[in-house]
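[1] Predicted coordinates and the sequence they were generated for:
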Amino acid sequence: MEQLYREILDCSGLLIDQVRGQLFGRLEPDGPVLIVADTRRQCKTSHPGRAGVLLSDNALWIDLICDRLDDGEDPLILPVNGGCVAACQLLTERTHCGYLLVYLEGYTPQTAEANRLLFELIFAQAEATCELIEKNNQLHHLQLVHLSRSSQTAGLSR
């Protein structure tokens, strides 16, 4: 039973889904476009209609951005059709969760670069969110293990 809890709660897929829910849930409809990719580079976006240039079938932007992040360019600011993307890896002490991209429609590379410190702050907050969710999952795991063990012990004493 403990192994089952560990597999469920330690999974990076669960963690990135939880992070995505927290980040997307706080955005305004006309706010920035966030794209969260898991470690397999499967993406979900906060505003699908506005992120088409990055997510269309013939665009290889996501792989290009993730490759550069994996090569150490973190954070990354990159011009794309009609704007720029600021991106980072989402990591915790234990887990590579995926990638966070902020699509900046209409931004020039110079404007995006001038706001680099702001993007770094956003990325730091996203990483803190990952850390907190992972720690919360670890706490749930320990609670479930404790409940499972105490349930087994109570069953044996009957």
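    Thanks, I have it. Residues are numbered from 1 along each chain as shown.

[2] What mean pLDDT does stretch 135-142 get?
    For stretch 135-142, mean pLDDT rounds to 74.

[3] gap between it and the chain center?
    18 Å (CA atoms, centre = their mean, to the nearest Å).

[4] Return it as CSV; C-alpha atoms alone will do.
    In CSV, the C-alpha atoms belonging to stretch 135-142 read as follows (Å, rounded to 0.1, in the frame of the first residue of the first chain):
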residue,chain,number,x,y,z
LYS,A,135,6.1,19.2,0.3
ASN,A,136,2.3,19.1,0.7
ASN,A,137,2.2,15.8,-1.3
GLN,A,138,4.9,14.4,0.9
LEU,A,139,2.9,15.3,3.9
HIS,A,140,-0.2,13.6,2.5
HIS,A,141,1.9,10.5,1.6
LEU,A,142,3.1,10.3,5.2
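
[5] so how far is the helix or strand hosting L100 off the chain centroid?
    Assigning secondary structure by DSSP states H and E places L100 in strand 96-105. Centre-to-centre, strand 96-105 and its host chain are 7 Å apart (CA atoms, centre = their mean).

[6] so what does that strand touch, helix or strand wise?
    helix 12-24, strand 33-38, helix 52-55, helix 61-70, strand 83-91, helix 116-157 (3 or more CB pairs under 8 Å, 6 or more residues apart in numbering; DSSP states H and E). In this view, the C-beta of every residue, glycine as well, is placed from N, C-alpha and C.

[7] What strands flank it, and is each parallel or antiparallel?
    Within its sheet, strand 96-105 is paired with strand 33-38 (antiparallel), strand 83-91 (antiparallel), according to DSSP bridges.
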